[in-house]
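> turn this into a structure:
(chains A and B)
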Amino acid sequence: MTIVHLIPYPIEPAYHGGQIRSLKINQALHENFPSVTTICIFDMGGYAPNVSSVDLSEEVASGRWTVDWEVRDFVVGDAVAETPERLRELAGLFPVDTSLIVVEEPWLSRAALKIRELHFPTAKIIYNSHNVETIAKNNILSEADSEMRSDYIGRIESVEREIVSLSDHVNTVTKQDADYYKKWRKGEISVAPNGSDVRSKTNLRNVIHHGIEPSANYAVFVGSAHGPNIEGFKNLIPKCIDVLTYEERIIVAGGVCDPLVEVALNGDRPYGFRDKVSLLGRVTDFGLECLISNASAILLPITYGGGSNLKTAEALLSGKPIAGTSKAFRGYEGFIKAPGIWIGDTPDEFARAIRGALDDGDKTFTRAGTEELLWHNTLSPIIQSAKSLYQ
Amino acid sequence: MQEFNVNLQSTSRILLDLTTSFTWRGKNAVGIVRTEREIAYHLLNDNSLDVIPTIFSNGNIYAISKEEAIRLVTIVKPQISAKKISDEEIPTPVIAQSKKTRAKAFLRRAAITILNKFLSALPNAARDSAKESVRHGYIAFRQTLKSIFKPEHNTLPQTHQQPTVDTSNVPSEDDLSVDLSFRVYPDSKDIFLMLGLGWDVINCRHLGTIKSATGMKIATVIYDLIPTKFPHFLGGTPKDYFQNYFIQMTDLADHCFCISKTTERDYHEFCKKHRSETPSTSVIYLGANLPSQANSDEFDSETIALLKTRKFALSVGTFEVRKNYGLLIDVWEDLCREPSFQLDLIIAGMQGWGVDDIIQRLTDSPLYGKRIHWFRGLSDAGISWLYENSHVVTFPSFYEGWGLPIIEAYLHGKHVISSNRGSVPEAGLGISCILNIDNPEDWKNELRRQSMLSAPQKIQSVKLPTWEEATIEIKNKLAAL
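Residues are numbered from 1 along each chain as shown, chains lettered A, B, ... in the order given. Below is the predicted model:
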């Protein structure tokens, strides 16, 4: 009996939150089940040089779908589900003894449901939600002021509603998301929050990125080029620069840096950015460890979005002071009152939060219950549901 | 992985210098490079230690991830297959090769002269950076030319055809690249451990600046004092290149690991001569774990058949003056006149400096390609295969800091006939046949005796040093620092 794990992006290397969560789920499946087939289908233009299990380049470029990045994941899923040849190709990748299909995010779910109906009628499906996409995409398209919004939101909701109602089990990342899905589904919904790894025990003191002065104290923000990361930074950080002293910095790492270059150069605070902010771009896992180990504080400036922020778990486990929004603690509400956490939802409040966190910069906080945030624990509902459905 | 009971202070941290492995990445490791890789591998996998792998570049220490470090110390060059040349294939004439070599040397000298003129015009502060840039530029230029004109090392008159490269296992550029974005700012609790070719890859002036500014401790390995004790064995015109390095290390290092008692004694002599104080030293014996399982893939079927049917003596080591291969050629030329002498000679090692005349003698010898063979560019697996199939191992070196081929021979259960110089008797661990290299008749007699044996002579049981023991000694001493 084989489990097929269907993922809408490559997972190695894993950069953004969805990739990291899917990778961890994939690893947990491999650890707990004898046979797992991983199928990753995605737009290869966005994830070069990774190769999609099914090449949809021609379909995506056919003009039948829009290619705007905001809905590219939906388009890829729609293209594979609606093109019989590609659907057959995808079905051909399923082992003949497929008994359980684990679907990450809703984009490939329509294809998964069709393949089950046509080829594996007894197979079970687990849907792993990373977000309520109907809400998240609505926010992203509204933020982009996109004309596609009205057209696509209905279609996205239809896909998401379908997989939530027809799958044999659903896992969400927060209780709020589970509550939202209850209007679409009568069956059980489990919550499997985002987690983090234990960082290496190696002492990384004074291992500093060459773009940061060794004498500087800094607060670090790590994020992918995901809409909520970009908007949160744009809305909050430029107005916080003035609370930094001459020897303090805000360091930004990850894919979020690319769109923020424009903000730094052409926003209202180009000189403040020059003197107090460094955009490092993507760094390796080891680089992230070094950045976090030597940071005085961690920033979580998330102002909207569903699901839960994977970086919040990591920040909580680090023991570092945290300056974050209450949205960043979605799914981790129990930790908002934990020591060393400064909450701010407006620019002024966030500036005060940064100041407070940096003033605590030499402290390491022990936060009760953070061991529950390790992936091993957070993903156990997914593994339990897979075990109960595995035939 | 063996866990050790030694614990460094919780705040102590080893900055493990892998600049040599970085410089040699993707290449088969020999001698010092292999030592750095082996000890580094053990230290990196020891969970009781706080180790940060580092690269020294432009006067700074950069941290790399453990994953990158493990790749650096484990990735080897793709397997190449060495084939025996057919009778019709004429080796490159040695004279023509020598002219080429002379022309290259002339051009190199001219370039260095021009470069030095240019550098002397620069202010001191800019000179080191300019040198570094020029060096990297030169390496890149040379590698580009090499990749265009000379795909793999093919520079020698040879009895064996150019190897063919199996590209199926070639590491990609991604495998060999490392991220040097993160700089280490050491403090007095850090120990910078240098295991490699420090004289080539570490700028001691910059290292000294870091030490005096931070109080960082330094530990290093001294392999031998041959460059200062016997400078005539060395290539080029190093002037005080090595002497300066040893003096720098004497001043900078808080502890020196010497790879034999002979080397330790030589180093103390050196310190006595040049410095009033002798630094803290201890002896580590290099490990004898087989780096690779024997594999004959690099030899063509004709060569394998030849080596399987003939008894041969094996000599492993760079073809250089110090290895004293001239003695073996002389001895073989005499012995092969005796019909009863049925032992062939295999030399396995890359070409070193200053051996044109010995190579000329070798290639001019009527025995060359018939009773005496020379293999270059073999992998560890290929060399292991030669050891495995040899009748006896010879090691006539003029001087050594240790004598790894002797230990490797023991690992394959082979008897060793070795010289009486330097640390060679020490590396023999009391069971090698030690002969005076000034007395060729002794060598002939022993080789005649070996030739008469129908099977390889069995060796006495002996405990061989291991990399784990070397690592434990390093850990103990670093803990004491």
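> use CA for all of it now, contacts and neighbours both
Will do.
> alpha carbons of the helix or strand hosting B:Asp442, as PDB, please.
Using DSSP states H and E, the element containing B:Asp442 is helix B:440-452. The C-alpha atoms that make up helix B:440-452 are tabulated as PDB, following Å, rounded to 0.1, in the frame of the first residue of the first chain:
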ATOM      1  CA  PRO B 440      72.500  -0.800  -2.300                       C
ATOM      2  CA  GLU B 441      73.900  -4.300  -1.900                       C
ATOM      3  CA  ASP B 442      71.700  -4.700   1.200                       C
ATOM      4  CA  TRP B 443      68.700  -3.700  -0.900                       C
ATOM      5  CA  LYS B 444      69.600  -6.100  -3.600                       C
ATOM      6  CA  ASN B 445      70.000  -9.000  -1.200                       C
ATOM      7  CA  GLU B 446      66.700  -8.400   0.500                       C
ATOM      8  CA  LEU B 447      64.900  -8.000  -2.900                       C
ATOM      9  CA  ARG B 448      66.500 -11.200  -4.200                       C
ATOM     10  CA  ARG B 449      65.200 -12.900  -1.100                       C
ATOM     11  CA  GLN B 450      61.700 -11.500  -1.600                       C
ATOM     12  CA  SER B 451      61.800 -12.500  -5.200                       C
ATOM     13  CA  MET B 452      62.400 -16.100  -4.200                       C
END
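> what helices or strands is the helix or strand following it leaning on?
Later in the chain than helix B:440-452, the nearest helix or strand by DSSP H and E is helix B:467-480. Here helix B:467-480 touches helix B:31-44, going by 3 or more C-alpha pairs under 8 Å, 6 or more residues apart in numbering or on different chains; DSSP states H and E.
> list the contacts of the helix it packs on.
Helix B:31-44 has contacts (C-alpha atoms under 8 Å, 6 or more residues apart in numbering or on different chains) with B:16, B:18, B:20-21, B:24, B:49, B:51, B:53, B:66, B:70, B:73-74, B:195-197, B:223, B:286, B:404, B:467-468, B:470-471.
> tell me where the model's unsure across chain B.
Residue ranges of chain B with pLDDT under 70: B:1-11, B:28-30, B:75-176, B:236-237, B:290-291.
> got the residues of it near chain A?
B:13, B:50-52, B:63-65, B:181-186 (C-alpha under 8 Å from any C-alpha of the partner chain).
> which of those residues ranks first by neighbour count?
B:Ala63 (31 neighbours; other C-alpha atoms under 10 Å in any protein chain shown).
> quickly note the distance from it to A:Pro193.
33 Å (C-alpha to C-alpha, to the nearest Å).
> what does B:Ala40 give?
B:Ala40 is 39 Å from A:Pro193, by C-alpha to C-alpha.
> just list whatever residues bridge to A:Ile189.
Counting by DSSP bridges, A:Ile189 is bridged to A:Val170.
> what residues does stretch A:363-383 touch?
By C-alpha under 8 Å, 6+ apart, stretch A:363-383 touches A:24-25, A:28-29, A:32, A:171, A:190-198, A:313, A:316-317, A:319-321, A:338-340.
> also stretch B:219-230?
B:32, B:191-196, B:233-234, B:242-243, B:249, B:253-259, B:263, B:266-267, B:399-402, B:478.
> longest single helix anywhere in chain A?
The single longest helix within chain A, with elements called by DSSP state H, is helix A:149-166.
> who does that helix touch, helix- and strand-wise?
Short answer (3+ C-alpha pairs under 8 Å, 6+ apart): helix A:149-166 packs on helix A:109-119, helix A:133-143.
> ok, which of these comes nearest B:Ala348?
helix A:109-119 (59.9 Å; C-alpha to C-alpha).
> filter the contacts of stretch A:363-383 down to the ones close to chain B.
Okay, of the contacts of stretch A:363-383, nothing touches chain B (C-alpha under 8 Å from any C-alpha).
> take those and keep only those in helices.
A:Lys24, A:Ile25, A:Ala28, A:Leu29, A:Asn32, A:Ala313, A:Leu316, A:Leu317.
> are any of those buried, and if so which?
Neighbour-count burial (16 or more other C-alpha atoms under 10 Å in any protein chain shown) applied to these gives A:Lys24, A:Ile25, A:Ala28, A:Leu29, A:Ala313, A:Leu316, A:Leu317.
> which residues touch the fourth one?
With C-alpha under 8 Å, 6+ apart as the criterion, the residues that contact A:Leu29 are A:Val36, A:Ile383.
> just the third one next, same as before
Under the criterion of C-alpha under 8 Å, 6+ apart, the neighbours of A:Ala28 are A:His376, A:Leu379, A:Ile383.
> which of those residues lies closest to chain B?
A:His376 (21.6 Å; C-alpha to the nearest C-alpha).
> in a strand, that's where the closest one is, yeah?
No - counting by DSSP: H, G, I helix; E, B strand; the rest coil, A:His376 is not part of a strand but helix.
> neighbours around it, how many?
Neighbours around A:His376, by other C-alpha under 10 Å: 16.
> what score does it have for pLDDT?
On the pLDDT scale, A:His376 is placed at 92.
> re earlier: packing partners for the helix holding B:Asp442?
Short answer (3+ C-alpha pairs under 8 Å, 6+ apart): helix B:440-452 packs on helix B:325-335.
> the helix or strand that the helix it packs on is followed by pairs with which strands, and in what direction?
With elements assigned by DSSP H and E, the helix or strand that comes after helix B:325-335 is strand B:343-348. As defined by DSSP bridges, the strand partners of strand B:343-348 come to strand B:311-316 (parallel), strand B:372-375 (parallel).
> give me the next element, helix or strand, following the shortest one.
Sequence-wise, the next helix or strand downstream of strand B:372-375 (DSSP H and E) is helix B:380-389.
> what sits up against that next one?
Residues contacting helix B:380-389 (C-alpha under 8 Å, 6+ apart): B:28, B:291-299, B:307-308, B:314, B:348, B:393, B:409, B:412, B:414.
> where does the stretch 201-350 of chain A dip in pLDDT?
A:201-202.
> name all residues that make contact with A:Ala328.
A:Leu300, A:Pro301, A:Ile302, A:Thr303, A:Ser308, A:Asn309, A:Thr312.
> what are the phi and psi angles of the first one?
By that I understand A:Leu300. With angles defined as degrees, to the nearest 10, A:Leu300 sits at phi -130, psi 70.
> in the sheet, who's paired with the residue nearest to it when sequence neighbours are not counted?
Closest residue in space to A:Leu300, ignoring its immediate chain neighbours: A:Gly324 at 4.3 Å, by C-alpha to C-alpha, 6 or more residues apart in numbering or on different chains. The partner list for A:Gly324 in beta bridges (DSSP bridges) reads A:Leu300, A:Ile343.
> quick one: closest of the helices and strands packed on helix A:149-166 to chain B.
Across these, closest to chain B is helix A:133-143 (C-alpha to the nearest C-alpha), at 33.3 Å.
> and the closest one, what's buried?
Neighbour count says helix A:133-143 has A:Glu133, A:Thr134, A:Ile135, A:Ala136, A:Lys137, A:Asn138, A:Asn139, A:Ile140, A:Leu141 buried, by 16+ other C-alpha under 10 Å.
> what do you get for stretch A:218-237?
A:218-225, A:227-234, A:236-237.
> just stretch B:446-466 next, same as before
So stretch B:446-466, judged by 16+ other C-alpha under 10 Å, has buried residues B:Leu447, B:Arg448, B:Gln450, B:Ser451, B:Pro456, B:Leu464, B:Pro465.
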